[in-house]
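Peer 1: Curious how this folds, go ahead:
(4 chains)
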There are 4 protein chains.
Amino acid sequence: MGKGRLEAFSDGVLAVAITIMVLELKVPHDASVAALLQLWPVFLSYVLSFIYIGIYWNNHHHMLHATHHVSGGVLWANLHLLFWLSLIPFTTGWMGENHFASLPTALYGGVLLMAAISYWMLQQRIVAANGAQSVLARAIGTDWKGKLSPLAYLTAIPLAFVNPWFSCALYAAVAVIWLVPDRRIERRLASEG
Amino acid sequence: MGKGRLEAFSDGVLAVAITIMVLELKVPHDASVAALLQLWPVFLSYVLSFIYIGIYWNNHHHMLHATHHVSGGVLWANLHLLFWLSLIPFTTGWMGENHFASLPTALYGGVLLMAAISYWMLQQRIVAANGAQSVLARAIGTDWKGKLSPLAYLTAIPLAFVNPWFSCALYAAVAVIWLVPDRRIERRLASEG
Amino acid sequence: MGKGRLEAFSDGVLAVAITIMVLELKVPHDASVAALLQLWPVFLSYVLSFIYIGIYWNNHHHMLHATHHVSGGVLWANLHLLFWLSLIPFTTGWMGENHFASLPTALYGGVLLMAAISYWMLQQRIVAANGAQSVLARAIGTDWKGKLSPLAYLTAIPLAFVNPWFSCALYAAVAVIWLVPDRRIERRLASEG
Amino acid sequence: MGKGRLEAFSDGVLAVAITIMVLELKVPHDASVAALLQLWPVFLSYVLSFIYIGIYWNNHHHMLHATHHVSGGVLWANLHLLFWLSLIPFTTGWMGENHFASLPTALYGGVLLMAAISYWMLQQRIVAANGAQSVLARAIGTDWKGKLSPLAYLTAIPLAFVNPWFSCALYAAVAVIWLVPDRRIERRLASEG
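Peer 2: Presented below is the predicted three-dimensional model:
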């Protein structure tokens, strides 16, 4: 089974998801500064989600790069991940449209949580298909980021009903720790090249 | 004739179709639980259609993987399949928006039926272009899933005017039997590798 | 210069164009037969445009398949073609929304005319980059379809102000003669293997 | 690290961005000449932005073609560029919708400025990853276009509050100087074959 189409389809879905999000940034009918400023919550949520989808694309790229065998189970685990990522434009729009109100901010975290879980499931599937001694398996190692992120989301979701800005701070913090790309795999690949 | 662009174009259309469906999930203007709950029929139809397009992508992936020759007829049979799949966002939206009313639920099945027929036509064309002794031809074998699915849709369409939930149960049942990927081809390829 | 990305980008634009056209098929808010029937002009124009974009994709696929050298001029000629094709969702929507009224039907033909001209320009550029003795140059030969199509559009545009259905019949007739794929190139390639 | 997926993902985002812009060209509900003419500012801004995204795709194509090594930093610099380009459909729509009013025209230039800066940053990253003696580094040379463009945008932004048409003339002028493809790289590649 080739991984080429898996990558192509995932790239397609992520490219569309990241780009249609901008449609939530509705074009104002007047040209005033006020009209533009009213868009700031939608814009802010757009930036956050753009970074998140970028992170997923980036990590997906690294993970697949270290993958040799793609089984039927991997295809489905990948579609499962894409399902949750495809909901990000919706939760982003709802959170922005309602100025980071509690419920939309909690739901945003819920979708991020499901995306993180499905990414972890995909990773497990790929490791299973490639063997515990594969470059990928050894590169992942302790995977502390992958373990910390769901904990952060699980904290952020109830926190949204106390103060949604705490939740947003947590979402942003998780994004920052992921922005450093997965050097583990890069390093492994380089050293074993 | 290379099959690379056929795959790339199909991936593109399916990736866009699967992702723009989420636009039917209109962002509510208030942040209440009630506003979110009102979206459940649209969400449910989104999940069903996401799985269906995922199944088509998955089977298309397997079928093309076992294909060596692509003729002009295959290109057109493929576009015919994409045409029916491109209507899924519309029928999904109509069914969800109207809370699984009879007519939209029947039409949803009608488009699934046409997609199944066009998939079967594409399969015939590919077998014709690759020979009855090809890996693909032998892998398809009796193709009981491909024969059962149209029968299920043909049953579900009139049933929608009795009770649309019966139809939905049938659509979901067909999805479940397809979720098991086409191991026939995978096995054949592995054993002949 | 590789032609891989030229194909990938063109596939992307055409896949998006063909799929977002379905968004013009607005989901009705009620589930009646009447609501569905009201959509027939939009649906009809969707079918016509789907076939046209399919034809362009198909011919583009054949033409690029026979291409070896891609110059800077080819990239721009290709973007020029994509520009006119990207307007098809708009003219399709306008024609369908207004039940094939004269002006939208004429404009639809105008965009088809520009697309045909830009396709011809792209073909000239590719032949120039690949030489008059290339497989492509010899395969194109007299190119009677490419010469007939603009004439048909030029006839259809004024005719729309007499009776738009005459124009639609011409658009459909051109589509039919193109539906036969460009066997010239296929045959040439096969015979020169 | 392969550059294949970087190109595929960028192609996807640019293809979607260039195509969804046409959705701002809202289909009029009547078929009159007046209804069509009212769309001219939106159409004009669409043409300008189509050319700009085409230029970015074209230059991106040339730059990546001359690239051999892709580092993690390059992936992020590329996403940064895509972020600004993904905002072009929004600024295009706002400028067109408000008939080239001062503020939207200035913001349009602001996004072009950020895109130019992020393109320059990406170029720096790629040169850093490929070495100062690489084909790319020598091909870029003095990069006068890359230096002139931000200056033109910086001039156009305040000018929009004097007369937005001066700004538009500057945007168009920059587009024209870029329409000549980056022959430097093409020539270098040819001569070093």
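
Peer 1: Next up, the contacts around A:Ala175.
Peer 2: A:48, A:51-52, A:55 (C-beta atoms under 8 Å, 6 or more residues apart in numbering or on different chains). All C-beta atoms are positioned from the backbone trio N, CA, C, and that covers glycine.

Peer 1: close to chain D, is the host helix or strand of A:Ala139?
Peer 2: Counting by DSSP states H and E, the element that carries A:Ala139 is helix A:135-140. No: Helix A:135-140 is not in contact with chain D by C-beta under 8 Å from any C-beta of the partner chain; minimum separation 13.6 Å.

Peer 1: helices or strands up against that helix?
Peer 2: Helices and strands in packing contact with helix A:135-140 are listed as helix A:102-130, helix A:183-192; criterion 3 or more C-beta pairs under 8 Å, 6 or more residues apart in numbering or on different chains; DSSP states H and E.

Peer 1: measure the closest residue to A:Ala115 other than its chain neighbours to chain B for me?
Peer 2: Once flanking residues are discounted, A:Ala115 sits nearest to A:Trp84: 4.1 Å by C-beta to C-beta, 6 or more residues apart in numbering or on different chains. Between A:Trp84 and chain B the distance, using C-beta to the nearest C-beta, to the nearest Å, works out to 11 Å.

Peer 1: from memory A:Ala17 sits against A:Gly54, does it?
Peer 2: No: here A:Ala17 does not reach A:Gly54: they are 11.0 Å apart, not a contact under C-beta atoms under 8 Å.

Peer 1: Tell me which of those two has more neighbours.
Peer 2: A:Ala17 (26 against 23; other C-beta atoms under 10 Å in any protein chain shown).

Peer 1: now stretch A:46-56, how far from the centre of its chain.
Peer 2: Centroid separation between stretch A:46-56 and its chain, computed with C-alpha atoms, centre = their mean, to the nearest Å, is 7 Å.

Peer 1: re the thing from before, just the helices and strands packed on helix A:135-140: most buried one?
Peer 2: Ranked by average neighbour count under the criterion mean count of other C-beta atoms under 10 Å in any protein chain shown, those are headed by helix A:102-130 at a mean of 21.

Peer 1: quick one on the thing from earlier: weakest of the helices and strands packed on helix A:135-140 by average pLDDT?
Peer 2: Mean pLDDT is lowest for helix A:183-192 out of these, coming in at a mean of 62.

Peer 1: Could you find the closest non-adjacent residue to the closest residue to chain B within chain A?
Peer 2: Relative to chain B, the nearest point of chain A is A:Gly12 (2.9 Å; C-beta to the nearest C-beta). Once its chain neighbours are removed from consideration, A:Gly12 has its nearest residue in B:Ala15; the separation is 2.9 Å (C-beta to C-beta, 6+ apart).

Peer 1: and if you look at A:Thr91?
Peer 2: Beyond its immediate neighbours in the sequence, the residue positioned closest to A:Thr91 (C-beta to C-beta, 6+ apart) is A:Tyr108, lying 4.4 Å away.

Peer 1: so the one you found touches A:Tyr171, yeah?
Peer 2: Yes: under the criterion of C-beta under 8 Å, A:Tyr108 is in contact with A:Tyr171, at a separation of 7.2 Å.

Peer 1: as a whole number, average confidence for the helix holding A:Ala139?
Peer 2: Computed over helix A:135-140, the average pLDDT equals 74.

Peer 1: Buried residues, it. List them.
Peer 2: Of the residues in helix A:135-140, those buried under the neighbour-count criterion (16 or more other C-beta atoms under 10 Å in any protein chain shown) are A:135-137, A:139-140.

Peer 1: Repeat that for stretch A:29-47.
Peer 2: With burial defined by 16+ other C-beta under 10 Å, the residues of stretch A:29-47 counted as buried are A:31, A:35-36, A:39, A:42-46.

Peer 1: show me which of these neighbour chain B.
Peer 2: Residues shared between the buried residues of stretch A:29-47 and the neighbourhood of chain B: none [C-beta under 8 Å from any C-beta].

Peer 1: so which two of those residues are the farthest from each other?
Peer 2: A:Ala31 and A:Ser45 (23.3 Å; C-beta to C-beta).

Peer 1: Flag the shaky bits of chain A, pLDDT-wise.
Peer 2: When the per-residue scores of chain A are filtered using pLDDT under 70, the ranges that remain are A:1-2, A:180-193.

Peer 1: pretty sure the residue of chain A closest to chain B is touching B:Ala17, no?
Peer 2: No: counting by C-beta under 8 Å, A:Gly12 does not reach B:Ala17; the two are 10.2 Å apart.

Peer 1: Quick check: residues of chain A near chain C?
Peer 2: Of all the residues in chain A, those in contact range of chain C (C-beta under 8 Å from any C-beta) are A:12, A:15-16.

Peer 1: Out of these, which comes closest to D:Ala156?
Peer 2: For D:Ala156, the nearest member of the residues of chain A next to chain C is A:Ala15. The distance, counting by C-beta to C-beta, is 29.7 Å.

Peer 1: Am I right that the closest one is in contact with D:Ala17?
Peer 2: No: contact between A:Ala15 and D:Ala17 fails when scored by C-beta under 8 Å: they sit 9.2 Å apart.

Peer 1: A:Leu23 and D:Thr142, how far apart?
Peer 2: For A:Leu23, the distance to D:Thr142 equals 40 Å [C-beta to C-beta, to the nearest Å].

Peer 1: of the two, who's got more company?
Peer 2: Neighbour totals were compared for A:Leu23 and D:Thr142, and A:Leu23 leads with 18 against 8 (other C-beta under 10 Å).

Peer 1: Let me see the contact set for the more buried one.
Peer 2: B:23, D:20, D:23, D:89.

Peer 1: mind listing the helices for chain A?
Peer 2: Taking DSSP state H as the criterion, chain A contains helices spanning A:4-20, A:33-37, A:40-65, A:72-86, A:88-97, A:102-130, A:135-140, A:144-159, A:164-179, A:183-192.

Peer 1: Flag every residue of chain A that's near chain D.
Peer 2: Counting by C-beta under 8 Å from any C-beta, the residues of chain A lying close to chain D are A:7-8, A:11-12, A:14-16, A:18-20, A:22-23, A:25, A:27-33, A:36, A:47, A:50, A:54, A:57-58, A:61, A:64-65, A:179, A:181, A:183, A:186.
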